[in-house]
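Asker: no letters, just coordinates:
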């Protein structure tokens, strides 16, 4: 941890929206919240400790970070009080480094709390005990530890997946899952000793079967259980693959607006099925692999999809008893599993892993289904970069107890994106800020952590870049503190693709000719048109519908506009021109572009 002065820390507070290593406290007295910060800075793995500024207060009713120096009236007395509480309130004495410095002529206490060695963690309040008496530093907040997080400090503690399920037996095992394990294990290590064991001895060796009670552990049921047993004993533990048309989640989806596939099976079998279902739904093209032309995805690498899904299955909190969701939007895939990350978001992708389910993680590692050394996320980032795709982003929601991996599907900063970004030349944006604009256009929001993941920068750089974009009107801040996020500002809204301009019913051609055309259209084309709705940002689907309409019969720009319920000029400028340039459609009268009877036909 860098050695910061009070002035540097004060400036940092006013430059950024949140910080995991700085806490500002009132200078009247030592509050319980101050001691919670001492506890969290001492415990947080890999943080290196943190600073507490006593005598600095956030200004109220401010939409952007703003702190003022209130000062400490009796610094010697406050120092003594803090040192006494650090010595007496915890299960062990803490010795923070305390100094008195001045800002604007007022005394401020600069308190640095070093991280404890691993052998001395966790620090906790004696009166409260474990687990809730121990605190962690999560973002800019101090939060008490859960039972799962205590395993970070006591590495020999049994995790929840080692629980013995007394109402189970070897009869609840799916033999196909054992066969799958043996096949996968042999590929990794053909001479592995456990391959010579009987099935019951194998499961006992893996920590999946308790020989004394002749029962499966939770890990044993999850990894090897048959479907009927999983359905009976863990009814809500499954994977839901949900296909949502468009780029937004529908709060109360119904009718044909979405499709869902519910999958339940032993994890060793389910891991492959989920990947295959999602991958089969991705656009296919032809790629060159080992000097041979083969069908495959030309966008999202299947290795990234596999790593993301397998990680979700491995780190899922099965204590919650909720489904894992894979949501496929038109422009991205979001994989959400119950259970926030036990590893701080700032350290995602760094070496080292904090598995929630040690038995499941060990089996996944031994079969090469997932990494357990913290390198999986780094590999995903490398593969996405090699494929010219946006880096994966991760959202660990501690309060909602959920972890989400987000994978954008379109090639990042392709020619279309670069042309769109030309509108922002006057803002002199750097590459990371341009990437953020594309991300906000696709996902409609970004926060500090996501920006850092996209641009691979530190907290201060991210805060500075986001502030510049906010001041330029490109972004608008919402929320406060750790909950701060950014949505399109007024300037960005005006430059994002305009919302489709609707035409009034009275402007339709008289005589019902458009109605007649619609009645003749194929059902699959009508379904596509219905998915567009009155307003859509799904350019890909809109282009498909236009090409299909022109394939059904030659149509003028006016006819297309009336059938789709859009403004004719808007349709020409945003779709017909680009489709013609791409060779998807062409004029029926190519010799005379502005012929009064000009129409478009599919190529």
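Answerer: Thanks, I have it. Please read all numbers here as calculations on a predicted model, not as lab measurements. Residues are numbered from 1 along each chain as shown.
Asker: identify each buried residue in stretch 201-218, please.
Answerer: 202-204, 206-210, 215-218 (16 or more other C-beta atoms under 10 Å). Every residue, glycine included, has its C-beta placed from N, CA and C.
Asker: and the residues you listed, which two are the farthest apart?
Answerer: Of all pairs drawn from those, the greatest distance, 17.5 Å, lies between 202 and 218 (C-beta to C-beta).
Asker: name the helix or strand of the chain that has the lowest mean pLDDT.
Answerer: Ranked by mean pLDDT, DSSP states H and E, the weakest helix or strand in the chain is strand 292-297, scoring a mean of 44.
Asker: next SSE downstream of that one?
Answerer: Using DSSP states H and E, the helix or strand that follows strand 292-297 in sequence is helix 302-315.
Asker: where exactly do the helices run in the stretch 451-600 of the chain?
Answerer: Remark: helices assigned in the stretch 451-600 of the chain by DSSP state H, counting those that start in this stretch are 459-471, 490-495, 513-520, 523-532, 539-552, 557-564, 568-571, 577-581.
Asker: now do the buried residues in the longest one.
Answerer: Meaning helix 539-552. Residues of helix 539-552 classed as buried: 541-543, 545-550 (neighbour count, 16+ other C-beta under 10 Å).
Asker: also the shortest one?
Answerer: Applying a neighbour-count criterion of 16+ other C-beta under 10 Å, one finds 568, 570-571 buried in helix 568-571.
Asker: that older thread, so which of the buried residues of helix 539-552 comes closest to residue 153?
Answerer: Distances from residue 153 to the buried residues of helix 539-552, taken by C-beta to C-beta, are shortest for residue 541, at 50.3 Å.
Asker: surely the closest one is in contact with residue 532?
Answerer: Yes: under the criterion of C-beta atoms under 8 Å, residue 541 makes contact with residue 532 at 6.3 Å.
Asker: rewinding a little: pull the most distant pair out of the buried residues of helix 539-552.
Answerer: Farthest-apart pair in those is 541 and 550; separation 15.2 Å (C-beta to C-beta).
Asker: tell me which of the buried residues of helix 539-552 is nearest to residue 586?
Answerer: Each of those was scored against residue 586 by C-beta to C-beta, and residue 550 proved nearest at 8.9 Å.
Asker: which residues touch the closest one?
Answerer: 560, 585, 600-602 (C-beta atoms under 8 Å, 6 or more residues apart in numbering).
Asker: could you rerun that using 6 Å?
Answerer: Applying C-beta atoms under 6 Å, 6 or more residues apart in numbering, we find residue 550 in contact with 585, 600-602.
Asker: let's see the distance spanning stretch 207-223 from one end to the other.
Answerer: Across stretch 207-223, the terminal residues are separated by 11 Å (C-alpha to C-alpha, to the nearest Å).
Asker: sorry, wrong one. I was asking about stretch 166-181.
Answerer: Start and end residues of stretch 166-181 are separated by 24 Å (C-alpha to C-alpha).
Asker: off-centre distance for it?
Answerer: Taking C-alpha atoms, centre = their mean, to the nearest Å, the mean C-alpha location of stretch 166-181 is offset from the chain mean by 33 Å.
Asker: what's the answer for stretch 525-538, then?
Answerer: Distance, centroid of stretch 525-538 to centroid of chain: 27 Å (C-alpha atoms, centre = their mean).
Asker: kindly list the main-chain dihedrals of residue 301?
Answerer: The phi and psi torsions at residue 301 (degrees, to the nearest 10) take the values phi -60, psi 130.
Asker: I am finished for the moment; much appreciated.
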